[in-house]
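Enquirer: What shape does this take:
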Amino acid sequence: MHPKIPLEIIGTDAVLDLRAGIADVAIRYARRMPPGSVAQEIFRDSFFPVCSPELLATRKRKIERAADLLHYPLIHFDWMNRDPEAPTWSQWLATARSIDPDIPNTDKNWDLSFREELHAIDAVVAGQGVAICSDVVVSRELASGALVKAHALSLPGYGFYFISVPPQQPHIEAFSAWMRSVV
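Expert: Modelled structure (predicted):
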């Protein structure tokens, strides 16, 4: 955390109205920001299939092509914002089909579904299947080896934006600069 600026974190999926004084700044993920907002992109993620290395070790079939993933349990989680462009198995398979026409046009979207993303990730770490996950969200699991990329094909993710209302106060500018430097 910033050494000289006190921070109170409000975790919510709701869009905060900064002009109403609920908060001084917000960090929001989106594909693009609405016009008129003062936003600075902090980072951007991407989504790709991940699985436990133990799952790969226990299966006789290796994942060499995108079609090979259809022989594994596919894990899905609900997108609460109902984004029609959300990086889901349906989106991933459609993209994979454009590269590998041998992927059957199947209605298989997933075998196991969770309401919460973190529960889906726990199931993947436990070796229950393969999920499409954000490289940002599973970065620790990838770094520790608890998860591995199951296939290199990725889908574009979201930008994470630092948003404030002008005019920015000096402490908000300092916090924004510090945040961009540590990410």
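
Enquirer: mean confidence score for the longest helix out of those in the chain?
Expert: When the chain is parsed with DSSP state H, its longest helix is helix 170-182. Across helix 170-182, pLDDT averages out at 82.

Enquirer: which parts of it are buried?
Expert: 172, 175-176, 179 (16 or more other C-beta atoms under 10 Å). From N, CA and C alone the C-beta is placed, and that goes for glycine too.

Enquirer: what helices or strands is the one helix or strand in the chain whose mean pLDDT sits lowest leaning on?
Expert: Within the chain, no helix or strand scores below strand 25-30, which has a mean of 79 by mean pLDDT, DSSP states H and E. Using 3 or more C-beta pairs under 8 Å, 6 or more residues apart in numbering; DSSP states H and E as the contact test, the elements touching strand 25-30 are strand 155-164, helix 170-182.

Enquirer: Enumerate the positions of that strand that are buried.
Expert: For strand 25-30, using 16+ other C-beta under 10 Å, the buried residues are 25-26, 28-30.

Enquirer: okay, which residue is most central for this structure?
Expert: Nearest to the geometric centre of the chain sits S134, at 3.0 Å (C-alpha atoms, centre = their mean).

Enquirer: List the buried residues in the longest strand seen in the chain.
Expert: Secondary structure of the chain read by DSSP state E shows that its longest strand is strand 38-51. Within strand 38-51, the residues that qualify as buried are 39, 42, 45, 47-51, counting by 16+ other C-beta under 10 Å.

Enquirer: same thing with stretch 53-60?
Expert: Buried residues in stretch 53-60 (16+ other C-beta under 10 Å): 55-56.

Enquirer: avg pLDDT for it?
Expert: Rounded mean pLDDT across stretch 53-60 is 92.

Enquirer: swap in stretch 145-163?
Expert: On average, stretch 145-163 scores 93.

Enquirer: what's the span of it, first residue to last?
Expert: End-to-end distance for stretch 145-163, by C-alpha to C-alpha, to the nearest Å: 34 Å.

Enquirer: swap in stretch 69-82?
Expert: 25 Å.

Enquirer: Let me see the ranges of the helices in this structure.
Expert: So, for the chain - with DSSP H - the helices run 53-58, 89-99, 117-125, 139-144, 170-182.

Enquirer: Show me how far the fourth one is from its chain's centre.
Expert: Right, the one you point to is helix 139-144. 14 Å (C-alpha atoms, centre = their mean, to the nearest Å).

Enquirer: Any idea which of the buried residues of strand 38-51 the model trusts least?
Expert: A39 (82).
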